[in-house]
Structure formats: structure tokens, C-alpha cells
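**Q** how would this look folded up:
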Amino acid sequence: MASNVTTAAETNVITTNDMVRAREIDLVQQFQHNSLAKFQQALGSTRKIAQAAGSTLYTYKTTGTLESGEVPEGEIIPLSHYARTKTQVGSIELKKWRKATTAEAIQKSGRAEAISETDKKLISDIQKGIRAEFFTQLATFGAAGTAVTGNGLQDTLAAVWGKLQVLFEDDTAQAVYFVNPEDVATYLGAATITTQNAFGMNYIEDFLGLGTVILTARVTKGTVIGTAKENIIMYYISMNGGDLPSEFSLTADSLGFIGVHSYDNYERAQAEIMAMAGIQFLVEYADGVVLGEIDDSFLTDLTVAPDSPTQTFPWTDKKPQDFQSNVAVSGGKVTGELEFIEGGLSPSGYLSGDGYFLALAFSNFASGLTYNDVQVGLVPSQGAGMQTLDSDCDAVFKITDKNSQKIKVVQSKNGHKNIQYFSLKDLTLKTTGV
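**A** Numbering: from 1, shown residues only. Model prediction:
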């Protein structure tokens, strides 16, 4: 009896080709939506220009002189002359990448690890290459562009912002800065900030009210590179439409930034993926890039010395002469003898309890600083941590381990810091007699 069962696949059944397509869509979305779009948003760069492969890219410079405008009645008004020159900075090229995963790797590690995780790494490395080219260009323009100097990070950012307002006076420029993370960490100290991530980089919106700061180790520590957001253009070779995507069956994101095709190579028993893209971020006006240099020379070392033997404190009847003698500070070391004090110097808190105590005085702060700009403490911390000096400009420390602890002194101004350390190893701790 003949069977009536059909052998055709059911409607809407998920096939291998569907899964391949889903993988390609996932990759292009990772590239655009999770990273590139956010990076454009952080840059404030909305200018995207599609170009054919091999198109020449230029930066522009406008020069000229505005005549005074003071022209006697009846005389010819002199012409103000301006010229716009362009400099070739290269061309946009189609770049191609391929990754292959063997059957053995899939069998050993599983598809998710052998293919999916390495797919993500491929996309990440492509993005890294695009970033590297952009920052190489940015550093070149910064070195040749306008230079400003500031005392510390905040002052330097303000100087860059001010210069950008002059350079882009007619455009009400929105500033974007590229800063080494170590400079921001030095400025912030222990403070917490909210960062966001785009295209593999952290950025801070409206930092100090001056604009967007993008953190990247590709900017030399001690420098700030700034430009107007409007000065950044993204050129790209479209992966949407045309002969190229059609010929190689590329799956592209909605804007056509990257094209991806995955397939199985049966001759080698490999799962392969091929990606194509041509993306280049470019600053249009080279003169619109400002290089800021953080100058910390104003932060000189302050003077540390033993406190006056007869100095009084509001929280104890003991004076420095009761718990220390022959104390000296030189060459990053504190020397002298400390007496053991039963019960400590205070009935409660950091200076309470049996132990050894050291009183130091601080003076000759860096230019423009006061005691409010200086913090002192023991590291590793013992109880109180780093504390801001009071108007007496002295501090008392409870020494719990002279061999591992150091006195730390931090002066800070306008986003930069001067840090000094003083060893306690050469102190003599007198026996307790207990």
C-alpha cells in the first residue's frame, strides 16, 4: 500500500542556513549597535560619508586675512582674501579578514567556545585596528596643531576648551577630549566616577562641565588631545547593495559598515568566517586639533619636620616631648626614638590604646596651595587613613609596624598630585617595660 507521507520539509522549520544567517546577523549587530554606534554617539560624530574603495581622503586648512573695514567714503573697499587648501592623508581601503575553526577544535571545545567566542574576538580585533588608525592620526595632528599648557588636568582641559572655542567660534563647538586614564586617575584619586563603554573604550560625559572625555592609553600620559565633535567624520565603504556584497553573499548591518559571510570548508573540515569593512575616522580640519600639556612643575616637595616638643593638642594632655625624641626627617626617612604610651593619646578613636606615636609638622607647600590642599596618612592605613591637614599644619600618627608602614603626603591642585613617602624603618621603638 502506497504511503501518503510527504518528504518535504515543514514550513518555517529552522534549517542550518538559518542558523548561519543568524550568526552573521549577530556579528554585524555586535559591531554596529553594541560598539560603533555608541562610539559615534560619544564622539558626537553624526557625519557618515560612504566612499568607494580607494577614494582619496583629505584634511583641510583655511587661511586668510580680514581687512579692517575702515574705508573712507567713496574709496574702493579692499578684498579680504581667503584660501582653502587640502592635504592628502591617504585613501580608504577595503580590508578583509578570515577565521577558520577546525572540526577537531569544535569536537574538543564545543561549538560555543570554538566558534562563537572566537567570532567575538575577531570583531573586537577589527575594532581595535580601526581605533589604532584613528589615534595615530589624532596624535599626528595634535603634535602639529595648536598647543596649550595647564597646571594639572582640570586647568589643561579648560585651556584646550578655550582654544577650541576660538578655533570654532562660528560653530559653537562641542568639545571632545582624549586623555590617558592614568591622568584621570591621578586627578580623581579615590573618588568614584560613572564611565560608559563604546568601541572598546571608556568615556565620561560632561566631565567637569567641559565636554566628553574618552579614556585611552594611546594618548601619551601628561597630554590631552581635544577637538570639536563636529570636526570628526566617519568615512566608510558601504557593504549594503552593489556588486561586492552580492558577489560574496555578505550579511551587513543596516548602515552597511561591515559585511560578514560564514560558510563550511568541507575540503579542510573547517568552519570559516570572512569579514569585509573599510572604515576610517578622520578630523576634517587639522588646525582644529589642540594638544594640551599637563604641567606639574608647580607641585614641588613640601617640608616635613618633627612637631614642636611643646605643641599642645585639644584631645590629650600629652605633648610631643612625652612620646618622641631626637626625631629628624631627611632623605625620605624618619629617624629618632619613640616612647611606649600606655592607654594611648586619646580615650577613643584612632589614637587610643597602647602604642607608639609620631608627631610631624608640614610647611612650605607648593605655590598656590594651602593646608586644605594637603593630605597625610600612614600606608598601609591604620585606622584614620588619609586626612586633610588642619590649620595647625601638623599631624599625629599611631605607628603599629614601623618596618612596613610609611608616611604618605599628597599635595593636589587642578587635577595633578605631588606624592611623597617617608620610611619609618630607622625609628627606634623603646621597650615598654611591661
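
**Q** which residues of the stretch 151-300 of the chain fall in strands?
**A** 175-179, 196-198, 201-204, 212-215, 223-228, 232-236, 251-252, 258-265, 270-277, 279-283, 289-295 (DSSP state E, counting those that start in this stretch).

**Q** for residue 123, helix, strand, or coil?
**A** Secondary structure assignment for residue 123 (DSSP: H, G, I helix; E, B strand; the rest coil): helix.

**Q** which one of the strands of the stretch 151-300 of the chain has the lowest average pLDDT?
**A** Ranked on mean pLDDT, the bottom entry among these is strand 196-198, at a mean of 69.

**Q** burial of residue 147, as a residue count?
**A** 15 (other CB atoms under 10 Å). Using the backbone N, CA and C atoms, a C-beta is placed for each residue, glycine as well.

**Q** please name the nearest non-neighbouring residue to it.
**A** The shortest distance from residue 147 to any non-neighbouring residue, by CB to CB, 6 or more residues apart in numbering, is to residue 291 (4.9 Å).

**Q** any idea how far residue 91 is from that neighbour?
**A** Using CB to CB, to the nearest Å, one gets 26 Å for the distance from residue 291 to residue 91.

**Q** of the two, which one has the most company?
**A** In this view residue 291 and residue 91 are compared by other CB under 10 Å, and residue 291 has more residues nearby, 24 against 14.

**Q** and residue 178, how many residues sit next to it?
**A** Residues near residue 178, counting by other CB under 10 Å: 24.

**Q** these two touch, right, it and residue 219?
**A** Yes: at 4.9 Å, residue 178 and residue 219 qualify as touching, with contact defined as CB atoms under 8 Å.

**Q** quick check: neighbours shared by those two?
**A** Shared contacts of residue 178 and residue 219, defined by CB atoms under 8 Å, 6 or more residues apart in numbering, are found at 135, 225.

**Q** quick check: the residue nearest to residue 147 touching residue 225?
**A** Yes: using CB under 8 Å, residue 291 is in contact with residue 225, at 5.9 Å.

**Q** can I see the domain layout of this structure?
**A** What automatic domain parsing lists as the domains of the chain is 16-58+87-295, 303-429.

**Q** re earlier: name the residues contacting each of residue 291 and residue 225.
**A** Taking CB under 8 Å, 6+ apart as the contact rule, residue 291 and residue 225 both touch residue 142.

**Q** and the residue nearest to residue 147, what is it in contact with?
**A** 142-143, 145-148, 223-225.

**Q** swap in residue 216?
**A** Shown in contact with residue 216 (CB under 8 Å, 6+ apart): 131, 135, 178-181, 201.

**Q** which among those residues end up buried?
**A** 131, 135, 178-180, 201 (16 or more other CB atoms under 10 Å).

**Q** of these, closest to residue 256?
**A** residue 131 (19.9 Å; CB to CB).

**Q** separation between the residue nearest the centre of the chain and residue 203?
**A** Nearest to the mean C-alpha position of the chain, by CA atoms, centre = their mean, lies residue 215 at 1.7 Å. As judged by CB to CB, residue 215 and residue 203 stand 6 Å apart.

**Q** with residue 424 instead?
**A** Distance, residue 424 to residue 203, by CB to CB: 41 Å.

**Q** ok, residue 325 next?
**A** Residue 325 sits 54 Å away from residue 203, going by CB to CB.

**Q** one more: residue 401?
**A** Counting by CB to CB, the gap from residue 401 to residue 203 is 41 Å.

**Q** higher neighbour count, the two?
**A** Counted by other CB under 10 Å, residue 401 and residue 203 do not tie: residue 203 has more neighbours, with 24 against 10.

**Q** isn't the more buried one up against residue 212?
**A** Yes: between residue 203 and residue 212 there is a contact under CB under 8 Å: 6.0 Å.

**Q** what's near enough to touch residue 250?
**A** Residue 250 neighbours (CB under 8 Å, 6+ apart): 239, 244, 259-261, 276.
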